[in-house]
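Engineer: pasting the sequence and the predicted model now:
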Amino acid sequence: MAGITPAALAQQDTAVYQLKTVEVFGKPAEVFAAGSRVSSLDSSFLKTYASGSLADVLQARTPIFLKTYGASGIATPTFRGTSATHTAVLWNGLNISSPALGQSDFSTLPVTSLGEVAVQHGAAGATYGSGAIGGAILLHSPTLNEPGFGAELQQELSSFGRYFSSAGARYGGQKISVGLSGYRLAAENDFPYRDYGSFGAPTRRQEQARVEQHGFTQDVTWQLTEKTRLALHGWYTYADREVQSALGAASTNAQQLDKNLRLMADLGHDSRWGQTSVKAAWFSDYLRFTDNSNHSVTDINTFQLQTEQTYSYASRWSLRGGVNLQHFAADVQGYGRKVTEDRAAAFLLFRFDPARRLDLSLNLRQAFVKGYNPIPAPTLGANWLMLEQGDHRLYLKGNISGSYRVPTLNERFWRPGGNPDIKPEQGWSFEGGLRHVYSQGTILIETEASLYRMLVDNWVQWMPLESGYWSPRNLQKVRSQGIEMSSRASQKLGEFDLAATAGYTYTASEQVKAYEGPEELHQQLAHVPLHKAQLGTDVAFRSWTLLGNITYNGLRYTNNSNTSSLPAYTLLSLALNKKFGVGPYQLIASLRTDNATNTDYHVLENMPMPPRSFAASLRFIIL
Amino acid sequence: MKKITRFRSLLFSAAFASCAVVFASCDKASDGPTGEYARNGVLISNEGAFTKSNASVSFYSHDSRSVENEAFKKVNNPLVLGDVLQHLSVHGDRAFLVMNNSGKVTVANANTLKAEGEITGLNAPRYFTALNEDKGYVTEWLDYDPVTYAYGNGRVAVIDLKTLTVSRTITVGVQPEQLVISGGKLFVANSGGSTVSVINTATDAVETSVTVNEGPNSLALDRNNVLWVSSRGKKVYNPADWSVSEENSTPGTLTKINPGNNSVSSVLTFSRNAPSPSKLTVNDSRDKLYYVYNNRVYEQQVNSNSLATKPLIDRGTYVPYGFNGLGIDPGSGMIYAGKAPNFTSNGWVVRYNNQSGAAVDSFQVGIAPNGFVFR
């Protein structure tokens, strides 16, 4: 846990990690995902952007397009052309999406609370359950690997009245490891913008985007016996925000308060029958939305229990079977009554390496919900080391994957409009790709290209009824197809450590069938960019590190008729870090600029975004 | 949060569903004003999606038989028209664009659509009408109670059309919608209650209110100077599928008011309970009225005291917002209907033959077309 880790150190971390889990075929997220694409965000990048939200880092480094509602509003993902409810978010293996909305607001998930962020590209319903149609985001609590005491303090100041502070401490002992961290973010977001919604387009300061966030994490790992350990994870986030209104729309003084408490106990035991894991969790999700004429409270308690047994036979095969139980107790004004619901799912994941050069995955999950049983979601995937020559390795990979989404509580119980007869959404995804790895000396180049095609049936959409109410209906069949390419290279040149990542995504997502109404077919869905590309560089020289990131988001249509659109935009961010030794401690000073080219851009129509901003941060590390 | 905005939008859309278009303030350009949009054609208001600020104006030219969308944006780029264009009204050489969720009325040159100013400080403005070049009126809803969702009384803002400012406000009934001026009086349909307010346009004081059936939502003045009022009736919803209950609702009505003495001269009551009449629209010679009922368009002879038994336009099972706006072309008598398949993709204008009720043709416009001004 070394603050700003230069690229080399980050790779070292990964190497250590891989060694530890080598008996189960690589990284946990990849074990049962042969033939599928799993990527993880660089730890050095996460450290530099620790004061930001998960939305910021995913927008900068992954093919996921984040719809951000202004500087302070919610941020929801569009992954492989799907909607916000089609990306599952798991924290230490359990789904944390809001049961009411079926989605997560990525702007309230702080990077500072996370140890590792991995991204499962594409459908993986068998592994990750409901909602993993476009993909899944896998969040992990910080790992407590290092022995002894350590602490870290960070203070950051940035433009438009933004202040971020965080503090963390950890202790690693023989039996018990403990980690604690807390953060606070306050931002005025009073950036200037041209108000094209008013006659004469005066320049104003944003007055409705104030944000106050804080939270903490607590992680305890207790080695009960040699073969049994208990981990306790706690994560609390609080976000109180003013909600920006669109240019031209009257401000209604909209304000949103989110309070999320997530507690989890994870018991692990190794025996000759393999590894046993029992996870019990309680999530409390509170959301209050108020404006001049609304006062809406959503208060949901979720209880989850997941038990799984994994048996691995040498490096030949591994079998995991498990059950997931969920209980929701919802106290939501809009439902007019208390609603409870139980859901269950059983899964069987099988990884088989019949030969050294071939990995296979065969997974299956069946979810059970009263009255809504989705069809079983299978995955069949293969990863084949096709060529191995000198320093080159070329893999051919592919998978077929089923996915589903159980309707959200709002879709069924919201009054007025909730539709008790709505059917689960169901997806099929086909994917194939090549992965090339070149390593020679200190040079490592990994390149991957995938082609995918996905069909999502019974896609739910809220539509206006004749009575004037809106109601969710299974309206569409959507086909999304595209290309994902990414490359990552690193090299050590004398005292320089160089690393670069590049990615390009083409996403064509369109409705191919409408079950009701004269919907437009074969048009790109609104707010799904056809093209997205990003380039990141990371240069370390002695105690200096320079990070650069360019993100290009192509044109997005703002309606389903494809007659109006928002122009493409490119954002550049730069960060310079310098590490100082202060006795036995470390001080890392960092300067950062976001939107360095001062681009005037809109992620969503008529939502002004901040111009160029600067940030200065100090981080003090006690190792 | 998304669902909450939806919740808001559904409350508003309940209101949109029951609005209509009148051309009380729509003068035909007589002295041949010049401008791109002064020529032989139709201005179409597209309300756009709530909170998205994507309202727009389309122009259909009779000469070229083609439509131009985003006309306001083209002329005024990068200015954004605003959020929910509830009503477009032309008076003299000025167009008044009532921007419901922008809390303002944008004023533009009616012939060029060049923005000239705005009337700000309005709360959820709904409809506009002008008395003369100096004075206009805008109906405003006030916010509902966030706990009970009940609206209090709304108001009518008196607008000084020279300075484009609100000179005073007049409290009327709940959720005031359309307004019509006749014989020195301003009639205002209070759609959240069961009255039509009568305001003296000389003093701007409320003279009286006429009690009608619940939910008066649109007004039209016929050739006999009779004021027609469409009322929804009391509507109760089936909680199972959010449709209107036939059993527990009361029928809608058309009420005829004599504007001279503010008295109800007759009430025409519909036979079914669930559907509601709306969007009363009068033809050029003002001897026929058209209105939307049960997602169909009906014709009403102004001298008849009974309701038509058969619709003029019947599309069978049709999109709920297939008649989101209604207009009658004074030249051809053709019926223009604004069709909103949803609030995320473009709408259509479908033109119907006023004799047979058959669809003649259609063209694509902006999101949720709701009104027409014939030039």
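Structural biologist: Done, it's in.
Engineer: is A:Ser573 in a helix, a strand, or coil?
Structural biologist: strand (DSSP: H, G, I helix; E, B strand; the rest coil).
Engineer: that one: what's it in contact with?
Structural biologist: The neighbourhood of A:Ser573, defined by Cβ atoms under 8 Å, 6 or more residues apart in numbering or on different chains, consists of A:Ala60, A:Gly548, A:Asn549, A:Arg592, A:Thr593, A:Asp594, A:Asn595, A:Ala596. (C-beta placed from N, C-alpha, C; glycine too.)
Engineer: can you pick the most crowded of these?
Structural biologist: Neighbour counts for those peak at A:Asn549, which has 24 neighbours (criterion: other Cβ atoms under 10 Å in any protein chain shown).
Engineer: beyond the helix or strand harbouring that residue, next helix or strand please.
Structural biologist: If you go by DSSP states H and E, A:Asn549 is part of strand A:544-553. Downstream of strand A:544-553, the next assigned helix or strand under DSSP H and E is strand A:556-557.
Engineer: and the strands in the stretch 1-150 of chain B?
Structural biologist: Residue ranges of the strands in the stretch 1-150 of chain B, as given by DSSP state E, counting those that start in this stretch, are B:41-46, B:56-61, B:66-68, B:85-91, B:94-99, B:104-109, B:115-119, B:125-130, B:135-140.
Engineer: can I get the ones you listed in TSV with distance to chain A and mean neighbour count?
Structural biologist: Below are these laid out as TSV (distance: least, Cβ to the nearest Cβ, whole Å; neighbours: other Cβ atoms under 10 Å in any protein chain shown):
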stretch	distance to chain A	mean neighbour count
strand B:41-46	11	26
strand B:56-61	8	23
strand B:66-68	12	15
strand B:85-91	10	27
strand B:94-99	7	26
strand B:104-109	7	24
strand B:115-119	5	19
strand B:125-130	10	26
strand B:135-140	12	24
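Engineer: using TSV, please lay out those together with mean pLDDT.
Structural biologist: Below are the strands of the stretch 1-150 of chain B laid out as TSV (pLDDT from 0 to 100):
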stretch	mean pLDDT
strand B:41-46	97
strand B:56-61	97
strand B:66-68	96
strand B:85-91	97
strand B:94-99	98
strand B:104-109	97
strand B:115-119	96
strand B:125-130	98
strand B:135-140	98
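Engineer: nearest to A:Tyr163, out of those strands?
Structural biologist: strand B:104-109 (35.6 Å; Cβ to Cβ).
Engineer: for chain B, name the helix or strand with the lowest mean pLDDT.
Structural biologist: Within chain B, no helix or strand scores below helix B:2-16, which has a mean of 36 by mean pLDDT, DSSP states H and E.
Engineer: list the strands paired with the helix or strand hosting A:Asn383, with their directions.
Structural biologist: In the assignment (DSSP H and E), A:Asn383 maps to strand A:377-389. Under the criterion DSSP bridges, strand A:377-389 sits next to strand A:358-369 (antiparallel), strand A:392-405 (antiparallel) in its sheet.
Engineer: quick one: the strands in the stretch 451-600 of chain A?
Structural biologist: Going by DSSP E, counting those that start in this stretch, the stretch 451-600 of chain A shows strands at A:470-493, A:496-514, A:531-541, A:544-553, A:556-557, A:565-566, A:569-582, A:585-594.
Engineer: for the first one, packing partners?
Structural biologist: Just to be clear, that refers to strand A:470-493. When contacts are defined as 3 or more Cβ pairs under 8 Å, 6 or more residues apart in numbering or on different chains; DSSP states H and E, strand A:470-493 packs onto helix A:7-20, strand A:443-464, strand A:496-514, helix B:2-16.
Engineer: what's the answer for the second one, then?
Structural biologist: Here strand A:496-514 is seen to pack against helix A:7-20, strand A:470-493, strand A:531-541 when contacts are counted using 3+ Cβ pairs under 8 Å, 6+ apart.
Engineer: test my guess that A:Asn292 contacts B:Asn101.
Structural biologist: No. At 11.5 Å, A:Asn292 does not count as touching B:Asn101 under the criterion of Cβ atoms under 8 Å.
Engineer: okay, the two: which has more neighbours?
Structural biologist: B:Asn101 (28 against 15).
Engineer: apart from its chain neighbours, what residue comes closest to the more buried one?
Structural biologist: B:Asp83 (3.8 Å; Cβ to Cβ, 6 or more residues apart in numbering or on different chains).
Engineer: which residue is the nearest non-sequential neighbour of residue 323?
Structural biologist: Using chain A. A:Ala346 (5.3 Å).
Engineer: could you do chain B instead?
Structural biologist: Counting by Cβ to Cβ, 6+ apart, B:Phe323 lies nearest to B:Val292, which is 4.4 Å off, once chain neighbours are set aside.
Engineer: mind listing the residues bridging to the one you found?
Structural biologist: Residues in beta-bridge contact with B:Val292 (DSSP bridges): B:Ser278, B:Val297.
Engineer: can I get the strand holding A:Asn549 in PDB? Just the C-alpha atoms.
Structural biologist: What follows is strand A:544-553 as a C-alpha-only set of coordinates in PDB (Å, rounded to 0.1, in the frame of the first residue of the first chain):
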ATOM      1  CA  TRP A 544       8.400  11.800 -10.300                       C
ATOM      2  CA  THR A 545       5.300  10.500 -12.000                       C
ATOM      3  CA  LEU A 546       3.400  12.000 -14.800                       C
ATOM      4  CA  LEU A 547      -0.100  10.700 -15.700                       C
ATOM      5  CA  GLY A 548      -2.000  11.700 -18.800                       C
ATOM      6  CA  ASN A 549      -5.400  10.700 -20.000                       C
ATOM      7  CA  ILE A 550      -7.300  11.500 -23.100                       C
ATOM      8  CA  THR A 551     -10.900  10.400 -23.500                       C
ATOM      9  CA  TYR A 552     -12.800  10.700 -26.700                       C
ATOM     10  CA  ASN A 553     -16.600  10.300 -26.700                       C
END
